[in-house]
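1. need the 3D shape of this:
(one chain, ligands or ions: 1)
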Amino acid sequence: MCLNLCIKNTKKSMRILTFDIEEWFHLLDHPATRSEKEWVNYEIRIHENMEIIFQILDEYKISASFFVVGWIAEKYPEIVRTINERGYQIGSHTHTHQLAHQQDRTTFYQDVEKSVKTLEDCIGKKVELFRAPGFSISEDNKWAFEVLHELGITTDSSVFPIDHAHGGLLGYPSTKPSLLKYNGIILKEFPINSLNILGRRMVFSGGGYFRLLPYQLIKRATLKSDYIMGYFHPRDFDFNQPLIQDLSALRKFKSYVGLKSCRPKLEKWLNDFDFMDIDAATKRINWSEQKVSVLD
Ligand SMILES: [Zn+2]
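-> Modelled structure (predicted):
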């Protein structure tokens, strides 16, 4: 809960804070950062960057949900244990951080299964929460929701409502948390929020979008929204991270813009608005009265 006169979450508004826990070099869909074979060549910066996140959460006395890459949990189980000991909720962000729509069903199953097992071994409790790398569940791989259900995931936050570099599920029928129904299975879905700004549907609550946009615009958009899904990564706060070479100019811009201002901007946001984790939000929603979003 934020300390001073911030705008509190009410019955009508729900602002959620999440972090996707991966390294600075876990950039998707690029040959220099594709797999573990490449990752071992890079400097490890996750510990310092996690400290920044913990400091921010301590400062504002708020909780958050953490989607952790299984590879991180395998290499640095102490990070996952610390997240758990601090009482924060843990979900899977797959094991190998690949685009789900570039995997076949079996590969995706095994990737998520390995991450869930690794995380559960670290914390000794069930993992039921998931987010796909790059929000990469789109029209072509909606079977991913069935796989998640088969693996005991009950709650997902992979739906990205607009077209972006790694997919997006544009036809998704709800802009707020709802029960996602697909081929007979049901998941609780917490999509990324969006808002019409100057006639265009825009995302503003995380990653490169949050880093790029001026704070006053983010604040105004937050005031207009009754549901916010904030999403950040350790690398968003690391303005000394090395540059991955050979990125296109656009990719370079998207990956590195606003790194220096991200922490102060997030702190302003947390100072102005109250946030909660997905667990608290799940408990607040009366799911039996909630709209069902049917995908076909
Ligand atoms: Zn990710």
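2. packing partners of the helix or strand of the chain with the lowest mean pLDDT?
-> When the helices and strands of the chain are scored by mean pLDDT, DSSP states H and E, helix 249-256 comes last with a mean of 82. Judged by 3 or more Cβ pairs under 8 Å, 6 or more residues apart in numbering; DSSP states H and E, helix 249-256 is in contact with no other helix or strand. Placement of C-beta: from N, CA and C, glycine included.
3. and the helices in the stretch 51-200 of the chain?
-> Counting by DSSP state H, counting those that start in this stretch, the stretch 51-200 of the chain has helices at residues 70-75, 77-85, 105-123, 143-150.
4. so can I have TSV of the ones you listed showing mean pLDDT, mean neighbour count and distance to residue 47?
-> Below are the helices of the stretch 51-200 of the chain laid out as TSV (pLDDT from 0 to 100; neighbours: other Cβ atoms under 10 Å; distance: least, Cβ to Cβ, whole Å):
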stretch	mean pLDDT	mean neighbour count	distance to residue 47
helix 70-75	97	22	11
helix 77-85	98	17	7
helix 105-123	98	19	16
helix 143-150	98	20	30
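5. can you pull the contacts of residue 143?
-> The contact partners of residue 143, by Cβ atoms under 8 Å, 6 or more residues apart in numbering, come to 105, 183.
6. change it to 10 Å
-> The contact partners of residue 143, by Cβ atoms under 10 Å, 6 or more residues apart in numbering, come to 100, 104, 105, 108, 109, 137, 182, 183.
7. pull the distance from the least confident helix or strand of the chain to the chain's centre.
-> Mean-position distance between helix 249-256 and its chain equals 19 Å (Cα atoms, centre = their mean, to the nearest Å).
8. list the buried residues of that helix.
-> 254, 255, 256 (16 or more other Cβ atoms under 10 Å).
9. got those residues as JSON lines, with distance to the ion columns?
-> JSON lines is the format used below for the buried residues of helix 249-256 (distance: Cβ to the ion, whole Å):
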{"residue": "254", "distance to the ion": "14"}
{"residue": "255", "distance to the ion": "12"}
{"residue": "256", "distance to the ion": "16"}
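10. which member of those is positioned nearest residue 281?
-> Proximity of the buried residues of helix 249-256 to residue 281, judged by Cβ to Cβ, is greatest for residue 254, which lies at 28.2 Å.
11. chain neighbours aside, what residue packs nearest to the closest one?
-> Spatially, and ignoring its direct neighbours in sequence, residue 254 is nearest to residue 208 (4.6 Å; Cβ to Cβ, 6 or more residues apart in numbering).
12. all good on my end, thank you.
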